[in-house]
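>>> Next input, structure requested:
(2 chains)
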Amino acid sequence: MTNQIAESDTSAKSAPVSRRNFGCLTAAAVGGLILGSTLTVRADDKAKEDPANILSDPHICRGINTCKSKGKGKDNACAGQGTCATAQTHGCDAQNACKGQGGCGAHPGENSCKGLGACEVPLTEKTWKKARKTFEAQMTKQKKTFGSAPPPKKA
Amino acid sequence: MNPSNGLNDSPSLDLPVLQRWFQSVITHPDGVEEGVAASEAIIPVAAEDLERIVTKSSRLGASERLAVYANAYHARLIECLGEVFPLVRRVVGDSGFADFVLDYLQDFPPQRYTLNVLGVHFPDYLAKVRPDRNTDGVPDWADFVIELARFEWEIFEVFDGPGIEKHPPFDFRSLREVPPDDWTTIHLLPSPCLRLLKYQFPINEFFSQARATDSDEEVVVPEAATSFVALTRHDFVVRRHSLSPFEFTALAALAVGNTLGDVLELNTVADHGQDGDSLADTIEGWFIRWGRERFFTGFTV
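Take a look at the predicted model:
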């Protein structure tokens, strides 16, 4: 649980609710919970029959997630980078499974740094200006209006 | 490497010393030359004498060969954080993102065997180095970048954190055994992967829209508008649910341990501007959804 929960506004004003109405709301809540969980239990049973069903809701899938069970905790399994895309986990781009290794990848060593140049560490202000430039280009291209850039952070 | 190269006037060049020096040089933010100078305490060697430690090749000198590793080291860390914060990278651009990361790594270099936690401070870092706000108090694009980074990190943590996959869905039909008079005293137990989040921008909608486009397609920063999101995880897939303000309030109150009765008292007809029947329908809809999405893993009375 995160702090956001604790910070959320749970102090809404309470207004009088009749006993009858309150009973209806309680029944609606309990009934809804029972119905919802029943749907899940049934879906879970169905999923056992057809594992591919777990991929039936792609719009809320992060895309890389279905590799978790194969990649989590196996920090040395660089070879796993390309092996996650099985029939059941085709939504995975496999990158997370190998994220922790550093030494793996298709272009290790010299190739991966050719285009990077020196590892300059710019001033933060310069970086934000660069980010702002990208933002303004995006907004302009989309014909969106935007306000002026905020002033640099004071030292 | 040339550990036995006749550096008789240097400290012992046994492998651990050499490794420490190598790490110190290639991870230096200002490049190899500065790295060599800053690593004098480990192996005192001038830049022009580098080839006494690292042999040159037919095409590259010692410094250039070390630079290969130095650049690759930083490139991989940028790549790693780019996977955790893909939309932040799209919004600020590849070059801007790389600059942010390089600066961030000076304060938070990787210090564990895994890079899983490398990005944990990145949203706070962005908040710390952001430009000053405009005086009008309206959330600006920097706020958006920071919120997006927080959201992507939340998703990453839910993805990688504790879940409910090993447990069968809790069957709330057992609630039927609770006498109706006791329903108001029910406490629902939140799923360990449930997170309730509030933002100044429609972050979840932006996230969905941006992910529906090609990764090289430009994205447009939305206008500020308060939004509420629940994150959870099913079958190792992170689920995102946009919430109404009232739904968020009710869910948050339940998640921190309030009873069903307390929460329903908060969600009154007056607060919703709905009549009793309509409010009952709304609440039923919420609980159906929460039950179906396994926001809760059980209850106590």
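>>> Check for me that residue B:298 belongs to a strand.
Yes: counting by DSSP: H, G, I helix; E, B strand; the rest coil, residue B:298 is found in a strand.
>>> is it true that residue B:65 touches residue B:54?
Yes: using CB atoms under 8 Å, residue B:65 is in contact with residue B:54, at 5.8 Å. No exception for glycine: its C-beta is placed from N, CA and C like everyone else's.
>>> mind checking pLDDT for residue 30?
I went with chain A, as the question did not name one. On the pLDDT scale, residue A:30 is placed at 90.
>>> The chain in question should be chain B.
Looking at residue B:30, its pLDDT is 82.
>>> what does residue B:57 give?
According to the prediction, residue B:57 has pLDDT 87.
>>> Show the contacting residues for the closest residue to it other than its chain neighbours.
The shortest distance from residue B:57 to any non-neighbouring residue, by CB to CB, 6 or more residues apart in numbering or on different chains, is to residue B:65 (6.4 Å). Contact analysis of residue B:65 by CB atoms under 8 Å, 6 or more residues apart in numbering or on different chains lists B:54, B:56, B:57.
>>> which residues touch whatever residue of chain A ends up closest to chain B?
Nearest residue of chain A to chain B, counting by CB to the nearest CB: residue A:36, 2.3 Å away. Listed by CB under 8 Å, 6+ apart, the contact set of residue A:36 reads B:172, B:287, B:288, B:289, B:290, B:291, B:292, B:293.
>>> Quick check: phi and psi at the last one.
Per-residue torsions, residue B:293: phi -90, psi 0 (degrees, to the nearest 10).
>>> before we move on, what about residue A:143?
Recorded main-chain torsions at residue A:143 are phi 60, psi 40, according to degrees, to the nearest 10.
>>> which one of the contacts of residue B:65 sits closest to chain A?
Using CB to the nearest CB, residue B:57 comes nearest to chain A of those, at 10.6 Å.
>>> Looking at chain B, which helix is longest?
The single longest helix within chain B, with elements called by DSSP state H, is helix B:62-84.
>>> about what we covered before: please produce TSV containing the contacts of residue A:36, extended by pLDDT, secondary structure and neighbour count.
Listed next are those as TSV, based on pLDDT from 0 to 100; DSSP: H, G, I helix; E, B strand; the rest coil; neighbours: other CB atoms under 10 Å in any protein chain shown:
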residue	pLDDT	secondary structure	neighbour count
B:172	87	helix	25
B:287	92	helix	27
B:288	92	helix	21
B:289	92	helix	19
B:290	93	helix	28
B:291	92	helix	28
B:292	90	helix	20
B:293	90	coil	20
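>>> thinking again about what came up before, indicate whether the following helix or strand past the longest helix of chain B makes contact with chain A.
Next in sequence after helix B:62-84, counting helices and strands by DSSP states H and E, comes helix B:86-92. Yes: for helix B:86-92 and chain A, the contact criterion (CB under 8 Å from any CB of the partner chain) is met by B:91, B:92.
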